[in-house]
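In: let me see the structure of the following:
(one chain, ligands or ions: 2)
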Amino acid sequence: MNHALDSIRNEHRSLSAVVHALRDLVARIRDGGQADFGQLRAMLYYLDAYSARLHHPQEDEFLLQPLRARGADDALIDDLEREHARMAAALRSLEQALLRFEAGGECEFVAFATAVEGFCEFYLRHMRREETLLLPLAERLFSDADWARLDGICAARSGPPEGAQEELELQQLYRRIVGAGRSEPDR
Ligand SMILES: [Fe+2]
Ligand SMILES: [Fe+2]
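Out: Ligands and ions are numbered 1, 2, ... in the order given. Below you'll find the predicted structure:
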């Protein structure tokens, strides 16, 4: 079993659950439901904080950069790095669209819903590409020593890591978004 890859797949499951919850919430508003702005803000905050502070920096440092150093397909690595940067920018504009919907009312909903759909498609496609292209590439190119190093990093994270409080807060937020009683998949 490869702990580092399992950890990334589990993080994708958490992110994916929140992306789907966001889509469902917007669909309910489209069907006439009351907009829960607190919940929408919480979802965008979670996607932003989890991606930008935990998930993407780890992928950049532990997969993309080492794979590049081992001669992996530059086009794929460049593309995924660019998508991480684009994701942060897309979240900023989604937050702006949410603000406009909250302050401007129903006339701003279509623009917000379109932005949400574009973002969700983009995020899910990004994770699919990582799972079908990047992770198999790492399995092919990384040596046993590389995996031992990555697994060591993952094991260290199950201790009291720096940022543990923030991670705990994000787990609580995840339960609030996806449903009480459900915890994030194990890492
Ligand atoms: Fe990524
Ligand atoms: Fe990812």
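In: what about F101, distance to F109?
Out: Noted for F101: a distance of 6 Å to F109, by CB to CB, to the nearest Å. In short, each C-beta sits where N, CA and C put it, glycine included.
In: any residues in contact with both of those two?
Out: Residues touching both F101 and F109 by CB atoms under 8 Å, 6 or more residues apart in numbering: A35.
In: neighbour-wise, which of these two wins?
Out: F101 (23 against 17; other CB atoms under 10 Å).
In: for that one, which residues are in contact?
Out: Contacts of F101 (CB under 8 Å, 6+ apart): 35, 108-109, 111-112.
In: repeat for A138
Out: Counting by CB under 8 Å, 6+ apart, A138 makes contact with 5, 63, 67.
In: ok, now E81?
Out: Counted by CB under 8 Å, 6+ apart, E81 has contacts 60, 64.
In: phi, psi of it?
Out: The phi and psi values for E81, taken as degrees, to the nearest 10, are phi -60, psi -40.
In: state the pLDDT value of it.
Out: The per-residue pLDDT reported for E81 equals 94.
In: for R100, see how far away the spatially most distant residue from the centre of the chain is.
Out: Centroid-distance maximum for the chain: C107 at 29.2 Å, with CA atoms, centre = their mean. Distance check for C107 against R100: by CB to CB, it reads 9 Å.
In: go on, Y174?
Out: For Y174, the distance to R100 - CB to CB - is 26 Å.
In: which one's more surrounded, these two?
Out: Y174 (22 against 16).
In: pull the contacting residues for E102.
Out: Counting by CB under 8 Å, 6+ apart, E102 makes contact with 35, 37.
In: ditto for H55
Out: 8, 11, 15.
In: now do 6 Å
Out: By CB atoms under 6 Å, 6 or more residues apart in numbering, the residues touching H55 are E11.
In: quick check: the gap between it and F37.
Out: 25 Å.
In: also Q65?
Out: Relative to F37, Q65 is positioned 38 Å away (CB to CB).
In: one step back: now the contacts of F101 in TSV, with distance to P136, secondary structure and pLDDT?
Out: Output for the contacts of F101, formatted as TSV (distance: CB to CB, whole Å; DSSP: H, G, I helix; E, B strand; the rest coil; pLDDT from 0 to 100):
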residue	distance to P136	secondary structure	pLDDT
A35	41	coil	95
E108	42	helix	97
F109	40	helix	98
A111	38	helix	97
F112	36	helix	98
